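*Asks:* Build me a model from this:
(2 chains)
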Amino acid sequence: DSGVTQTPKHLITATGQRVTLRCSPRSGDLSVYWYQQSLDQGLQFLIQYYNGEERAKGNILERFSAQQFPDLHSELNLSSLELGDSALYFCASSVAGYTQYFGPGTRLTVL
Amino acid sequence: QQQVKQSPQSLIVQKGGIPIINCAYENTAFDYFPWYQQFPGKGPALLIAIRPDVSEKKEGRFTISFNKSAKQFSLHIMDSQPGDSATYFCAASLCEGNQFYFGTGTSLTVIP
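*Replies:* From the prediction side, this is the model:
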């Protein structure tokens, strides 16, 4: 158990809908990273927050957004969902240094 | 553009064998190279990591070999066991707190 929690575990929704994925980092970790894992793209970095502020952006679509709250939990919002957004979404956290601890992921299925 | 290239895509070995997974990178500014292990339905878990000032690192049955001049690094699993069957990802990072650039993963199956 990495200490990173993600909810929900599974999410099934329809095209055009909006969903919110939640991540609670390990106690004391200030950084949260979001990654998307799909069969054809592997693990792709989406966005990073550090202590409430956006730190870095990767291959994140404009339909996606994220935020980190004062209690350090983070939410990833996905809107106008398309079939191709179906994937596993992981968050990871770190306190400092290089090591990132990954949560169990949220499996999103868009029908 | 894939920053880190990983091979093979899949690997099957007998119990006790030594599977080797290879990764290559282009960006010489990378300075941290972790390997993650992922079981079905779980998140990736850090297995072992190396910095470019070291050519080899061992942790238990897992060894990273690093060749800075060739811009390649590899994972060796000694005395592999069926419980090692998982997907392995190499990655690279530019600096502390930076995002990871992952390889595409290697699915390892260890046959009893």
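
*Asks:* Would you tell me which residues of chain B are close to chain A?
*Replies:* Residues of chain B that fall close to chain A, judged by C-beta under 8 Å from any C-beta of the partner chain: B:32, B:34, B:36, B:41-46, B:49, B:89, B:91, B:93, B:96-105. Quick note: C-beta positions are derived from backbone N, CA and C, even for glycine.

*Asks:* Surely A:R26 is within a helix?
*Replies:* No - with DSSP: H, G, I helix; E, B strand; the rest coil as the criterion, A:R26 is located in coil rather than a helix.

*Asks:* what about the nearest residue to it once chain neighbours are set aside, neighbour count?
*Replies:* Ranked by C-beta to C-beta, 6 or more residues apart in numbering or on different chains and with sequence neighbours excluded, the top spatial neighbour of A:R26 is A:G3, at 3.9 Å. Other residues near A:G3 come to 13 when the count uses other C-beta atoms under 10 Å in any protein chain shown.

*Asks:* mind checking the SS state of A:G3?
*Replies:* Three-state assignment for A:G3 (three-state DSSP): coil.

*Asks:* Would you quantify the distance from it to chain B?
*Replies:* Computed as C-beta to the nearest C-beta, to the nearest Å, the A:G3 to chain B distance reads 11 Å.

*Asks:* Let me see the contact set for the closest residue to B:V4 other than its chain neighbours.
*Replies:* Excluding the flanking residues, the one nearest B:V4 by C-beta to C-beta, 6+ apart is B:G103, at 4.5 Å. Taking C-beta atoms under 8 Å, 6 or more residues apart in numbering or on different chains, we find B:G103 in contact with A:42, B:2, B:4-6, B:23, B:89-91.
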